[in-house]
Each structure stands twice: as structure tokens, then as C-alpha cells.
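Enquirer: Below are the sequence and a predicted model; questions follow.
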Amino acid sequence: MTGTVVTITSGKGGVGKTTAVANIAVALASEGQKVVCIDGDIGLRNLDVIMGLENRIVYDIVDVVEGRCRTRQAMIRDKRLPELFLIPAAQTRDKNAVSPSDMVRLCDELRGEVDWILIDSPAGIERGFRNAVAPADRVLIVTNPEMSAVRDADRVIGLLEAEEKPAPSLIINRLNPSMVRRGDMLSVDDVYDLLRIDVIGIVPEDENVIVASNRGTPLALDGKSKAGQAFRNIARRLNGEQVPFIDLESQSLWDRLARLAGRK
Amino acid sequence: MAESSLVQIKGIRDGLLVSLGEAAWPVAQRALLERIESQPEFFKGARLSLDVGAQALRAADLTALRDELSERGITLWAVVSTSPVTENTAQLLGLATRLFKPSPQRQSLSRASDRNVSPAKGLDDETALWVSKTLRSGTRIEYDGHVVVFGDVNPGAEIIAGGSVIVWGRLRGFVHAGARGNRQAVVCALDLSPTQLRVADEIAIPPRRSGKPQPEVVRLKDGLLQAEPWQPS
């Protein structure tokens, strides 16, 4: 088994990186793949809360790196999906507790055991970001249809290009189709127009996302919500499947999405 | 070569300036790391600028060194080099490539008087830098001659050129042409909607425009920056 390391990052904070990691991980694991998520946000850990695994933490990533436990011991098994694991971040340390080469070593060890290693990057472009990106085979950039988030995504894409990383893919999160129709929100086309990278997912705004993260049960677990469906589609596209983008109501938007998918 | 002559360290206003002597890059890099390891307390928390001479370094070299330094608690913030390859790499990684950056006003004043560059003399330096990619936010290109971009200049990207700037694409970032006082410098783009434009010491904030973009040229006329649509003649 040679697992693929996928880093989810954004530059800007609060755009939905952690939610994306939790949902994509759940979606991959419910298709029977073995997945481990690593929370790279040392000092401000969140992924454990969103996945509902907070109370099971014994060891964290800093314990692994500093040799206080074996990697296996820090992998918390998900309570619903037996093939899903989480390596939590330490809450009481900072980003400097782990180095880019530590992350590469850890991921190389995990590659032999799982299909997917998903890394939740912290916001920003400093040490935590570099830690998260160092071992990546693929990078997914999460952005919102909002000028400041798109600008930060552009900066991150530039940094990845400079470091000669493989070309990243884009997740446009929290798209509100009716606002786009009124002209009050950037459209998928507007975002693509600036960033010009492959779009791997478009996730509609959905208040259930907040309910789900408070409950610790990622949306992709249940079949009904459109956001959950969008995250499941991202997981399938990661697997190499061709999945059409969901119809987000408006005909004109659908046309644009179809065009986007064809552009890849 | 003796290790001590390979690594020269000097305190400057912005932290430490380390000059690496002429040696193969792996040797020079090892010498630097050994020097740091011999005095970890001295270097801890330092802001380091590095003069690598004529070494041509790629992104992989510089990121590896930056990460090595960062693991020792040292911030690499500038790389100075006479090699255009290294300079380009450093700029793409967001590192400074000039140690002292005067403010725009002081720059044009001091350059005009001290360096004896007369503003009306035209382009002394006819060399151009060819950039065949889109410049994304956070990228800064500084070049003494002209700059030609085959791609877009996104908002948040900056080009500072001694001569003119041509963008075969959309210009939405910041451009300073004639940065050393050359008032003949021009800026042209297929779609000209920059955040801010400067030619020599004149600054313009272009109005937002709508409609179909068309190629335009900006030049200084009667002390004002003016944009003219390009017309096939």
C-alpha cells in the first residue's frame, strides 16, 4: 500500500479547511478506504472536535515526533468508521514543536499503512503551513467566494509554485447560489478567472455544517444535505472518478460549472 | 578551503549578514550550518540575510536551507546574489533581495542626485527580464532594466522596474516603471486595471472600468500619467 498525502490549506483562516478535511476523510473512509487525518494546527487544534473524538485523545503528534509514543498509539480510531484515524495536534505547544522534516518522516511511515493521509494545515503561510505542505503529494486549496479569501489563495498558490510542489486543486466553499444570481457574491467563474487552477469541488453554503461540527458528526456521513454530497463528490474525484458538479439550482450556474469541468 | 574563510558574519541594521565564499553549494551550506552549530546561542532567534555571491540556486536549495535554519530558530529573510537565477528564486519564495530599501521618495531623490542618472536621458540599460508565468499575490519582481510578463499580474503582485513594463495579459497588481527616475518609461498591458501604477515619481490610481478590456499604454504626459488605448496604425 502506498498512501497519498493530501494537504488542505487556504492562507486565510475560517474558510472551512478543517470542515473539508473531516468531511473528505469521512467520505473516503465510508467507501472502504483506510484514511488517517493529521491535525497540523498545533496550539489551536480543532479537527478532533469536528470529528467528535476530543475525549479519546491520549497522545498527539508532538508526542510522536518527540518519541514519547509510537505512531500507532497516537492514531485514534473513529467511533463510526473503523478505517478512519486521527492524529491530533498538541494543544499546549506551538508550531515550532514540529519541523517540515518531521512531517515528511511521519508521512513516509504512514504511507505504508493507509490509502490516504489528509493533513489539516493551519491558516497563514509560516511554519505551520510549511510543515503541512512539506510531505504533500497533492494540495487542495479551500477558498470562499470572497475577494480576501481568493487573494490569500492566490498567494498560497504562488508559494507552492515557487517551492515546485505539484499543481494544487481548488475547493470553493460556502457558495450561495442566490447571492451569486443577484450579483452580490463572486461566482465560480470569477474565482476561477483569477486563480486558474483545477476546480475539484464546489460546496454550497449550508447551515447544517455548523450543526454538524457542534455535534462532532461530519455532514458527509448523512445522505441528504447538498454540502455533504459535495464533499463526497470531492472524495470520489480524489479517487480519480469523473463526477459531474451538483446542480446548485440555477440553470446558468450549471452551465458555467459544466464548462469549468470541461476546462480541466 | 578553511571553514572560517567560507563563512563571514557581520552585524547589520536588519540582523546578521552572512557572506558565503566561493565553494560548491553543499560545501558552503554545510560550512554555514557547522558554524551555527558551534555557537547556537549566538544565532538563536536571529534574522539572517545571506550573500551567496554568484551561486545559482533553485527553489529546492533555498527552501531546504530555509527549513534547516528555521529548525535552529533562525529566520532567513533575505538572499543577495549576483546570479539572476538565485535572485529570481529568492523573489518567488518571498525573500528580500536588497538589504536596504529606501522609501520611494528618498529613492528617486538620492538616485537622481547621487548616482548621476539624469531623468531625461532615456534608457541607459536596454536589457529586459522575461517572465513567462502569471505573477501571483505576494510575488515581487525587481529589475533594473525592462520587464516583460507573458501572463497575468494578479492583485497583490508587484513589479519594480528601472525601465518599462509590458504585460501580455491582465495587469491587476502594482507596477512601478522607471523606478530610478526614468520619466520615459511606459507601462502597457492587454487589460490594464492595476491596483496602483507609478512611473518615475508619479503615482496614479486608475478608475474602475467596465466593458470589454482593450490594450492600453500608460506614459507620463505633462507631468501626469495618462492611459491611451492602443490603435493599430
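Expert: That came in fine, so what should we check first?
Enquirer: Stretch B:18-33 and chain A in contact?
Expert: No: Stretch B:18-33 stays clear of chain A (Cβ under 8 Å from any Cβ of the partner chain), getting no nearer than 13.6 Å. (Each C-beta comes from the backbone N, C-alpha and C, glycine too.)
Enquirer: List the buried residues for that stretch?
Expert: Neighbour-count burial for stretch B:18-33, counted by 16 or more other Cβ atoms under 10 Å in any protein chain shown, picks out B:Val18, B:Leu20, B:Gly21, B:Ala23, B:Ala28, B:Gln29, B:Ala31, B:Leu32.
Enquirer: between the residues you listed, which is nearest chain A?
Expert: For those, the residue nearest chain A by Cβ to the nearest Cβ is B:Gln29; the value is 15.2 Å.
Enquirer: So chain B: which segments form each domain?
Expert: Per automatic domain parsing, the structural domains of chain B span B:3-92, B:104-229.
Enquirer: Any chance of a markdown table for the ones you listed, columns mean pLDDT?
Expert: Formatted as a markdown table, the domains of chain B follow (pLDDT from 0 to 100):
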| stretch | mean pLDDT |
| --- | --- |
| domain B:3-92 | 86 |
| domain B:104-229 | 83 |
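Enquirer: Of the buried residues of stretch B:18-33, which belong to strands?
Expert: B:Val18, B:Leu20 (DSSP state E).
Enquirer: Show me what counts as buried in stretch B:161-176.
Expert: By 16+ other Cβ under 10 Å, the buried positions in stretch B:161-176 come out as B:161-167, B:169-176.
Enquirer: May I ask which two of the residues you listed are separated the most?
Expert: Based on Cβ to Cβ, the longest span within the buried residues of stretch B:161-176 runs between B:Gly162 and B:Arg170 and measures 23.3 Å.
Enquirer: count of residues packed around the closest residue to B:Ala179 other than its chain neighbours?
Expert: Among residues not flanking B:Ala179 along the chain, B:Ile160 sits closest, at 4.9 Å (Cβ to Cβ, 6 or more residues apart in numbering or on different chains). The tally of other residues near B:Ile160 (other Cβ atoms under 10 Å in any protein chain shown) stands at 22.
Enquirer: Endpoint to endpoint, stretch A:11-22 covers what distance?
Expert: Using Cα to Cα, to the nearest Å, the end-to-end distance of stretch A:11-22 comes to 18 Å.
Enquirer: Name the residues of it that come out as buried.
Expert: A:Gly11, A:Lys12, A:Val15, A:Gly16, A:Lys17, A:Thr18, A:Thr19, A:Ala20, A:Val21, A:Ala22.
Enquirer: The fifth one and A:Val6, how far apart?
Expert: A:Lys17 sits 12 Å away from A:Val6 when distances are taken as Cβ to Cβ, to the nearest Å.
Enquirer: what do you get for the last one?
Expert: Distance from A:Ala22 to A:Val6, counting by Cβ to Cβ: 13 Å.
Enquirer: The closest residue to chain B within the stretch 101-250 of chain A: what's it in contact with?
Expert: Residue nearest to chain B within the stretch 101-250 of chain A: A:Gly158 (3.2 Å; Cβ to the nearest Cβ). A:Gly158 is in contact with B:Leu92, B:Leu135, B:Arg136, B:Ser137, B:Gly138, B:Thr139, B:Ala157, counting by Cβ atoms under 8 Å, 6 or more residues apart in numbering or on different chains.
Enquirer: And the furthest pair within those residues?
Expert: B:Leu92 and B:Ser137 (12.5 Å).
Enquirer: how far does stretch A:215-223 sit from the chain's center?
Expert: Averaging C-alpha positions (Cα atoms, centre = their mean, to the nearest Å) puts stretch A:215-223 15 Å from its chain's average.
Enquirer: buried residues in it?
Expert: Those would be A:Gly216, A:Thr217, A:Pro218, A:Leu219, A:Ala220, A:Leu221, for stretch A:215-223 by 16+ other Cβ under 10 Å.
Enquirer: picking that back up, from the contacts of A:Gly158, which land in strands?
Expert: Among these, no member lies in strands (by DSSP E).
Enquirer: Which ones, among the residues you listed, also lie beside chain A?
Expert: Applying Cβ under 8 Å from any Cβ, the subset of the contacts of A:Gly158 adjacent to chain A comprises B:Leu92, B:Leu135, B:Arg136, B:Ser137, B:Gly138, B:Thr139, B:Ala157.
Enquirer: Quick one: name the residues of chain B near chain A.
Expert: B:58-60, B:63, B:67, B:70-71, B:73, B:89, B:92-94, B:133-139, B:154-157.
Enquirer: near chain B, which residues of chain A show up?
Expert: Checking chain A against chain B by Cβ under 8 Å from any Cβ, the hits are A:96, A:99-101, A:125, A:127, A:130, A:134, A:151-152, A:154-155, A:157-159, A:161-164, A:194, A:196.
Enquirer: so where do the helices sit in the chain?
Expert: Let's take chain A. For chain A, the helices defined by DSSP state H cover A:17-30, A:47-50, A:61-65, A:71-74, A:100-111, A:127-133, A:147-162, A:177-182, A:188-195, A:208-215, A:226-238, A:251-263.
Enquirer: ah, no, chain B please
Expert: Under DSSP H, chain B gives helices at B:3-6, B:25-38, B:40-43, B:59-71, B:84-92, B:104-114.
Enquirer: out of these, which comes closest to A:Gln73?
Expert: Between these, helix B:59-71 lies closest to A:Gln73; by Cβ to Cβ that is 24.9 Å.
Enquirer: Give me the distance between stretch A:223-239 and the centre of its chain.
Expert: 12 Å.
Enquirer: which other residues reach it?
Expert: A:4, A:6, A:20, A:23-24, A:26-28, A:31, A:33, A:116, A:138, A:140, A:171, A:200-206, A:208-209, A:218-222, A:243, A:245-246, A:248.
Enquirer: Now do stretch B:7-23: everything it contacts.
Expert: B:1, B:5-6, B:28, B:31-32, B:35, B:43, B:46-55, B:77-78, B:99-100.
Enquirer: From those residues, keep the buried residues only.
Expert: B:6, B:28, B:31-32, B:35, B:43, B:46, B:48-52, B:55, B:77-78.
Enquirer: now, which of those residues sits nearest A:Leu53?
Expert: Closest to A:Leu53 out of the buried ones among the contacts of stretch B:7-23 is B:Trp77 (39.0 Å), distances taken as Cβ to Cβ.
Enquirer: Give the closest residue to the closest one in space, chain neighbours not counted.
Expert: Distance criterion Cβ to Cβ, 6+ apart; nearest residue to B:Trp77, sequence neighbours excluded, is B:Arg47 at 5.4 Å.
Enquirer: and what of B:Thr139?
Expert: Once flanking residues are discounted, B:Thr139 sits nearest to B:Ala157: 4.7 Å by Cβ to Cβ, 6+ apart.
Enquirer: Would you confirm that A:Pro244 contacts A:Ile202?
Expert: No: between A:Pro244 and A:Ile202 there is no contact under Cβ atoms under 8 Å: 11.2 Å.
Enquirer: Which one's more surrounded, those two?
Expert: More crowded of A:Pro244 and A:Ile202, by other Cβ under 10 Å: A:Ile202, with 25 against 10.
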